[in-house]
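A.B. asks: Give me a 3D structure for the following:
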Amino acid sequence: MEHPSHLNRRQQQAVLHREGPLLILAGAGAGKTRTIVYRILNLIKKGAAPESILAVTFTNKAANEMRRRIKELIESNMSTNRPVAEQTLPFVSTFHSLGVHMLRENARLLGISRHFTIFDRSDSIRTIKQAIHDAGFDPGVFEPRKILGTISRQKGNAHSLTEYNESLHENEYYPRTVASIWERYEALLKNEKAYDFDDLLLKAVELLKENPQVLKRYHDTWHYIHIDEYQDTNTVQNEMAKLLAQKFKNICVVGDIDQTIYSWRGANIGNLLSFEKTFPGAKTIILEENYRSTKNIINVSNAIIEKNSNRPLKVLFTNNSVGDKLSLYGAYDEIDEARFVVEKTKELMTNKTPVNDIAVLYRANFQSRILEELFLDGGIPYHVLGIRFFDRKDVKDILSYLRASLNPESISDLKRIINIPPRGIGKVTLMRMVVGTEHECTDAMRKKISAFRALLKTIKETALHKPPSETLHVIISKTGIEQSLKKNSDDGLERLENIHELLSLAKKYNRMKPRDGIEQLLTDAALATDQDELESNKDGVKLMTVHASKGLEFDCVFITGLEDGLFPHDGHSGERLDTEEERRLFYVALTRARKKIFLSYASLRTIFGLKKINSPSEFIGDIDEQFLEFENKPEEKTVSYLD
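C.D. replies: Next up is the predicted model:
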């Protein structure tokens with residue numbers, strides 16, 4: 001197993017490298033996950049304790065896949081002579097889950113409950129609105145999403161509120177307004193014993209910086225660190241990686257400059273570019289052999305990305321077949337384009353392409369509407385990424401009961417569940433519950449409050465001592481939610497199915513200790529991403545933005561809306577977004593496909609109620625015609641300027 005025959009020479013070099021920093025520049029489809037898991041296996045074979053190895057990636061789906069493959073490799077290699085109990089496996093996590101893990105382990109030191117609430121985006125927006133109001137400003141004037149975005153960027157850059165305040169000048173009105181709202185926002189979070197999404201990283205980094213004994217403990221725990229998708233790290237994630245690798249310098253990072261598509265949410269391409277300066281003596285290995293796509297797809301992808309200048313030289317190649325040419329369709333409008341996608345999908349299905357191996361990608365979410373409409377009309381099953389299971393109302397209600405039982409100071413959860421199902425507790429009574437003046441209520445109301453508190457106590461006791469699925473069953477039955485939905489003749493059955501799906505999901509946490517299982521369930525629910533929806537058993541063509549497709553692969557991929565101004569995209573101001581990043585985004589779209597790509601554009605598209613005449617994307621012009629087959633001749637579709 002020293003030199004596995006199915007690893008190429010460069011992969012083997014990465015696998016056998018043990019001590020010191022390692023940078024792996026891995027092209028799309030170049031087997032980076034395979035390389036990481038075999039590297040981890042080799043470390044264990046050479047004597048490293050599995051639990052001394054940390055692997056961090058960006059999505060739950062990627063982390064779950066890596067965890068599964070590592071476990072299978074260890075089990076299938078008897079020479080490792082290692083037990084495979086969960087606690088003796090390498091620690092595989094996303095960055096945010098790692099932050100939660102460290103904050104919970106050190107909750108007492110931080111003066112918080114280990115059952116702190118994790119605010120999702122909607123929780124944060126609601127709380128920012130309250131903070132704007134409390135700070136004396138008008139939410140109608142100061143857009144909550146914009147304020148939250150500013151705060152989020154600051155936290156992503158590893159800046160606390162104190163540091164932000166210190167950087168301001170007296171005459172900076174908007175930044176000082178943000179600081180005032182941020183201060184109130186922090187107070188509201190603290191009142192509820194809650195952290196928002198960005199706090200999970202910022203507070204963890206502050207913990208490591210301010211507590212040498214905690215940092216030492218993690219140095220003693222994790223001797224070997226692996227970070228996947230390093231090109232997507234922001235400042236605070238990079239700080240976390242550097243702190244954890246500070247002692248042993250045994251850090252292996254994997255990334256691809258050509259797939260940097262998240263600068264808008266703080267990803268810093270400089271983290272990857274400066275890795276060799278950050279960790280002097282780092283070894284660099286470039287993985288260029290693609291195992292996923294056909295030669296035609298790789299040739300086109302290379303031609304597209306080589307036009308970017310801010311990138312290390314890397315040329316993908318493959319030993320796969322030449323494959324089909326890329327199909328190009330010039331549609332009259334978005335309806336014609338969607339009809340083409342549906343017709344071609346039917347052909348693919350007739351030719352035995354599995355429906356789950358077909359994806360339709362688009363640059364902007366609004367493009368999905370007409371596609372959904374025609375897939376529905378065509379009777380083709382489809383699945384839109386972007387509607388998360390954990391965002392469904394009934395699922396959030398159940399989880400709010402669970403959070404409120406473990407964290408009684410979570411006012412947001414209390415407000416959500418106090419009358420689900422209705423129990424006749426009004427706003428005045430709720431306010432008295434929050435401020436501790438329940439004694440002012442009537443005897444009848446105090447009985448209702450007492451019954452509610454007893455219910456939460458029962459849920460908490462079950463959560464701490466019984467399997468997670470049993471806890472959720474208690475919530476569903478004893479709260480009256482199940483009975484209430486059964487009486488609802490409109491959509492009660494569908495909503496019950498969502499709850500029962502949550503109950504089934506909870507069973508996978510039953511193998512853990514009750515408290516650990518409940519905490520992990522709540523963490524996974526709070527940190528779920530669009531891609532996690534793919535873990536379900538829903539069959540259908542996958543519809544998603546190109547951003548959401550990162551890390552996924554399909555046999556056949558449709559890339560729609562290839563029009564100037566849409567892809568590459570003009571921002572809200574009408575100015576062209578970062579041209580190199582838009583080109584990287586198209587490269588990501590191309591490299592999702594194993595066998596076949598369909599490209600399409602519409603000469604006429606209705607956007608926000610206005611018809612717009614379009615010219616084809618510059619990306620189409622960058623593709624040599626030898627790699628294209630035209631689904632229609634250009635003259636077959638003409639735009640009437642009188643429409």
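
A.B. asks: List the contacts of L168.
C.D. replies: P175, R176, A179 (CB atoms under 8 Å, 6 or more residues apart in numbering). Glycine gets a C-beta too; all of them are placed from N, C-alpha and C.

A.B. asks: and the second one, that's in a helix?
C.D. replies: Yes - with DSSP: H, G, I helix; E, B strand; the rest coil as the criterion, R176 is part of a helix.

A.B. asks: before we move on, the earlier item: looking at the contacts of L168, spot the one nearest D555.
C.D. replies: Nearest to D555 among the contacts of L168, counting by CB to CB, is P175 at 49.5 Å.

A.B. asks: how about the helices in the stretch 101-250 of the chain?
C.D. replies: 107-110, 121-134, 144-156, 161-166, 173-191, 199-210, 212-221, 235-244 (DSSP state H, counting those that start in this stretch).

A.B. asks: Just the buried subset of the contacts of L168, written out for PyMOL, thanks.
C.D. replies: Of those, the buried ones go into a single PyMOL selection, burial set by 16 or more other CB atoms under 10 Å:
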select buried, resi 175+179
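
A.B. asks: For beta bridges, what are the partners of L566?
C.D. replies: With DSSP bridges applied, L566 shows beta-bridge pairing to H569.

A.B. asks: To what extent is it buried, counted in neighbours?
C.D. replies: Applying other CB atoms under 10 Å, we find 21 residues neighbouring L566.

A.B. asks: so it makes contact with A364?
C.D. replies: Yes - using CB atoms under 8 Å, L566 is in contact with A364, at 6.8 Å.

A.B. asks: Which pLDDT value goes with L527?
C.D. replies: Here, the pLDDT recorded for L527 equals 88.

A.B. asks: An error on my part: the question was meant for P4.
C.D. replies: We note a pLDDT of 59 for P4 in this prediction.

A.B. asks: In which helix or strand does A602 reside?
C.D. replies: Using DSSP states H and E, A602 sits in strand 593-607.

A.B. asks: May I have whatever helix or strand comes next after that strand as PDB, with CA atoms only?
C.D. replies: Sequence-wise, the next helix or strand downstream of strand 593-607 (DSSP H and E) is strand 610-613. The C-alpha coordinates for strand 610-613 follow below in PDB (Å, rounded to 0.1, in the frame of the first residue of the first chain):
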ATOM      1  CA  LEU A 610     -38.500  44.000 -19.000                       C
ATOM      2  CA  LYS A 611     -37.500  42.400 -22.200                       C
ATOM      3  CA  LYS A 612     -33.800  42.600 -23.000                       C
ATOM      4  CA  ILE A 613     -32.100  41.900 -26.300                       C
END
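
A.B. asks: Who does strand 610-613 pair with, and is each partner parallel or antiparallel?
C.D. replies: Note on strand 610-613: by DSSP bridges, its sheet partners are strand 593-607 (antiparallel).

A.B. asks: Name the residues of the strand it pairs with that are buried.
C.D. replies: 593-605.

A.B. asks: The residues you listed: which two are farthest apart?
C.D. replies: Spanning the widest gap among the buried residues of strand 593-607 are R594 and L604, at 32.3 Å by CB to CB.

A.B. asks: Compile the buried residues of strand 593-607 into TSV and extend it with columns for pLDDT.
C.D. replies: Below are those laid out as TSV (pLDDT from 0 to 100):
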residue	pLDDT
A593	98
R594	98
K595	97
K596	98
I597	98
F598	98
L599	98
S600	97
Y601	97
A602	96
S603	95
L604	94
R605	92
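
A.B. asks: Now flag whichever of these is closest to Q12.
C.D. replies: For those, the minimum distance to Q12 (CB to CB) is 24.4 Å, reached by R594.

A.B. asks: list the contacts for A158?
C.D. replies: For A158, the contact set (CB under 8 Å, 6+ apart) comprises L202, V205, T235, V236, E239.

A.B. asks: ok, the second one - how many residues close by?
C.D. replies: In this case it means V205. Using other CB under 10 Å, V205 has 22 neighbouring residues.

A.B. asks: repeat for the first one
C.D. replies: Under the neighbour criterion other CB under 10 Å, L202 is assigned a count of 22.

A.B. asks: For H439, the count of nearby residues, please.
C.D. replies: Counted with other CB under 10 Å, residues neighbouring H439 total 7.

A.B. asks: meant to ask about K46
C.D. replies: So K46, with other CB under 10 Å, has 10 neighbours.

A.B. asks: Could I get the CA-only coordinates of the helix or strand bottoming out on mean pLDDT in the chain as PDB?
C.D. replies: Sorted by mean pLDDT, DSSP states H and E, the helices and strands of the chain end with helix 492-506, the least confident at a mean of 83. C-alpha atoms of helix 492-506 as PDB (Å, rounded to 0.1, in the frame of the first residue of the first chain):
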ATOM      1  CA  GLY A 492     -51.300  18.800   7.300                       C
ATOM      2  CA  LEU A 493     -50.200  15.500   5.700                       C
ATOM      3  CA  GLU A 494     -47.400  17.100   3.700                       C
ATOM      4  CA  ARG A 495     -46.200  19.000   6.800                       C
ATOM      5  CA  LEU A 496     -46.400  15.800   8.900                       C
ATOM      6  CA  GLU A 497     -44.200  14.100   6.300                       C
ATOM      7  CA  ASN A 498     -41.500  16.800   6.900                       C
ATOM      8  CA  ILE A 499     -41.600  16.100  10.600                       C
ATOM      9  CA  HIS A 500     -41.400  12.300  10.100                       C
ATOM     10  CA  GLU A 501     -38.500  12.900   7.800                       C
ATOM     11  CA  LEU A 502     -36.800  14.800  10.600                       C
ATOM     12  CA  LEU A 503     -37.500  12.000  13.000                       C
ATOM     13  CA  SER A 504     -35.900   9.500  10.600                       C
ATOM     14  CA  LEU A 505     -32.900  11.800  10.200                       C
ATOM     15  CA  ALA A 506     -32.500  11.900  13.900                       C
END
